[in-house]
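Enquirer: Pasting the sequence and the predicted coordinates here, then a few questions.
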Amino acid sequence: MDAARIAVVGAAIVRGGRVLTARRTTPPEAAGRWEFPGGKVEPGESPQAALVREIREELGCAVEVTGWLPGEVPIGERHVLTVALAVLTEDGDPDAREHDEIRWLTVAELDDVDWLEPDRPFLPHLRAVLGG
Ligand SMILES: Nc1nc2c([nH]c(=O)n2[C@H]2C[C@H](O)[C@@H](COP(=O)(O)OP(=O)(O)OP(=O)(O)O)O2)c(=O)[nH]1
């Protein structure tokens, strides 16, 4: 990975054959587009720890990273996205605290939402994991 870029990590949280996607509210150019919940890795933080922290903040739930989808995709000139596979580790439903909507998509529904561009190359890998 290009060390000059800040790492952004997203979580493909899988439950019952569906994956969670979340709709952004900011910035204006990304509002209404769908993403994997997550965020920027802080200095000295592992990608896994960043995801656990971000998912707790954004969705109020605990996750465990079970693997990573292949690839890393530039976001603009300063960031780079990787996407983990994750599972919920406690009962209860995620709660959209920073997004305005969340959805659990089946493999057949993966293309039904308007994903942020950098997320799209991960969808074929996710489709394979979900068994589509
Ligand atoms: N979280 C997330 N960000 C994504 C995805 N795809 C994508 O292009 N991005 C972009 C949107 C933002 O420009 C950037 C991540 O910003 P963020 O706002 O989620 O990160 P953060 O929570 O750490 O935010 P902040 O504290 O710096 O405000 O990466 C994705 O699937 N998940």
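Expert: Noted; the coordinates are in hand.
Enquirer: contacting residues around the residue of the chain found nearest the ligand?
Expert: Residue nearest to the ligand within the chain: G39 (2.8 Å; CB to the nearest ligand atom). Yep, even glycine has a C-beta here, placed from its N, CA and C like the rest. Going by CB atoms under 8 Å, 6 or more residues apart in numbering, G39 touches 8-9, 50, 54, 58.
Enquirer: quick one: R97 from L126, how far?
Expert: From R97 over to L126 the distance is 24 Å, taken as CB to CB, to the nearest Å.
Enquirer: And for V19?
Expert: 6 Å.
Enquirer: More neighbours: which of the two?
Expert: Legend: neighbour count by other CB atoms under 10 Å for V19 and L126, higher for V19 (24 against 20).
Enquirer: Go through stretch 120-128 and flag the buried ones.
Expert: 122-123, 125-126 (16 or more other CB atoms under 10 Å).
Enquirer: For it, list the C-alpha coordinates in PDB.
Expert: Output of stretch 120-128 as PDB, limited to C-alpha atoms (Å, rounded to 0.1, in the frame of the first residue of the first chain):
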ATOM      1  CA  ARG A 120     -17.700  -1.200  -6.400                       C
ATOM      2  CA  PRO A 121     -14.600  -3.300  -7.200                       C
ATOM      3  CA  PHE A 122     -15.200  -5.200  -3.900                       C
ATOM      4  CA  LEU A 123     -18.700  -6.300  -4.900                       C
ATOM      5  CA  PRO A 124     -17.800  -9.300  -7.100                       C
ATOM      6  CA  HIS A 125     -15.600 -10.600  -4.200                       C
ATOM      7  CA  LEU A 126     -18.500 -10.100  -1.800                       C
ATOM      8  CA  ARG A 127     -20.900 -11.800  -4.200                       C
ATOM      9  CA  ALA A 128     -18.600 -14.900  -4.200                       C
END
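Enquirer: Is that stretch positioned near the ligand?
Expert: No: using CB under 6 Å from any ligand atom, stretch 120-128 never reaches the ligand; the gap is at least 8.2 Å.
Enquirer: And for stretch 99-108?
Expert: No: for a cut-off given as CB under 6 Å from any ligand atom, stretch 99-108 has no contacts with the ligand; the smallest distance is 9.8 Å.
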